[in-house]
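**Student:** Sequence plus predicted model, see below.
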Amino acid sequence: MPEPLVIRASSLPGYADCPRRSAARLFRREIEDAGYQLRTTANGIGAAIGTATHAGAHVALHERIQRGELAPADVAEDAAITDLRGRVADGVEWDEVSPRPNTAERQVVRQLRMWRQMVAPQFVPAHVEVRLEADLAPGIVAAGQVDVAAGNTIRDLKTGRMQRANGAQYGMYSLLWQAHGHQIDNLLEDYVPRAPISKLQPPAVTTAVDIADAEAAATTLAKRMVADLTAFRATGDPWSFVANPSSMLCGERWCPAANTKFCLSHIKSKA
């Protein structure tokens, strides 16, 4: 029996922006098996910094669960820097906010310190990094990794240059968590901005997410994904996945489908 196809909760917000770009990432093997050649895009430094900040926060929280106190700041920061260096070694695309390794490391440390100062005191964690799965359709599984569960509250840490709408992701977390026998009363996003090192680290922002709306978004997008993939399997037509050339992330820098036969909808310069 073939391995089930896994749809990650974190992929849902991007699918709403451009289904075809998301499909090129999520269903790459099936698309290439259908005869399309997709491009490879570089990993961005912003994602690497975000993941490293997560790594440090999780080290601190695991210690809180096991021993009643957050891990020492230097221990959590060392873990975050080690994580970042590993990701940079694999190759990343730098940007104007994080143009070099030293800057990125300093940003990780100060983001982690801001999280420790403003976010960590707000809750007592019960679970950290819990991966959950549930069947969506035959051969298709929804999966998500909950950052933090504290009482009946799910919290997720986000970083980046701007705060984005991630309600569908959190809605899937809520559905998965309840499917495994838990009650959910609150969905919270803890956002720590990534800012130029020449500026002070902005404060963390905690945002409450409407549970019913987030769950509706997750359910609708997950169904759309399954329907689109089913149509593509039957026809091999790229238009099984709607393209959004108006997306801010439309282009070769961000999309594996751009400038390939799988997607001709993006804006191109005149010959």
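**Tutor:** Nice, thanks for sending it over.
**Student:** So residue 242 sits against residue 20, correct?
**Tutor:** Yes - using Cβ atoms under 8 Å, residue 242 is in contact with residue 20, at 6.6 Å. C-betas here are computed from N, CA, C, even on glycine.
**Student:** Compare these two (neighbour count), which wins?
**Tutor:** residue 20 (27 against 14; other Cβ atoms under 10 Å).
**Student:** what pLDDT, on average, does the host helix or strand of the more buried one get?
**Tutor:** Taking DSSP states H and E as the criterion, residue 20 maps to helix 19-26. Here helix 19-26 scores 96 as its mean pLDDT.
**Student:** Report the distance from it to the chain centre.
**Tutor:** Put simply, helix 19-26 sits 14 Å off its chain's centre (Cα atoms, centre = their mean, to the nearest Å).
**Student:** what about the stretch 1-150 of the chain, any weak spots by pLDDT?
**Tutor:** Low-confidence segments of the stretch 1-150 of the chain (pLDDT under 70): 1-2.
**Student:** what about the helices in it?
**Tutor:** With DSSP state H, counting those that start in this stretch as the criterion, the stretch 1-150 of the chain has helices at 12-17, 19-26, 28-33, 45-67, 73-89, 101-118.
**Student:** and the longest one with helix 101-118, angle?
**Tutor:** Same thing as helix 45-67. For helix 45-67 against helix 101-118, the angle by axes from the mean of the first three to the mean of the last three Cα atoms, to 10 degrees is 40 degrees.
**Student:** Quick check: buried residues in helix 45-67?
**Tutor:** Neighbour-count burial for helix 45-67, counted by 16 or more other Cβ atoms under 10 Å, picks out 45-46, 48-64.
**Student:** could you give the angle of that helix to helix 73-89?
**Tutor:** Using the same axes, to 10 degrees: helix 45-67 against helix 73-89 is 150 degrees.
**Student:** hmm, back to that, including distance to residue 182, could the helices of the stretch 1-150 of the chain go into CSV?
**Tutor:** Shown next, in CSV, are the helices of the stretch 1-150 of the chain (distance: least, Cβ to Cβ, whole Å):
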stretch, distance to residue 182
helix 12-17, 20
helix 19-26, 27
helix 28-33, 33
helix 45-67, 16
helix 73-89, 27
helix 101-118, 24
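**Student:** Out of these, which gets nearest to residue 136?
**Tutor:** helix 12-17 (11.6 Å; Cβ to Cβ).
**Student:** tell me what the closest one is packed against?
**Tutor:** If contacts are counted by 3 or more Cβ pairs under 8 Å, 6 or more residues apart in numbering; DSSP states H and E, helix 12-17 sits against helix 19-26, helix 167-179, helix 211-235.
**Student:** JSON lines for these, including distance to residue 146?
**Tutor:** Converted to JSON lines, the helices and strands packed on helix 12-17 look like this (distance: least, Cβ to Cβ, whole Å):
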{"stretch": "helix 19-26", "distance to residue 146": "20"}
{"stretch": "helix 167-179", "distance to residue 146": "5"}
{"stretch": "helix 211-235", "distance to residue 146": "13"}
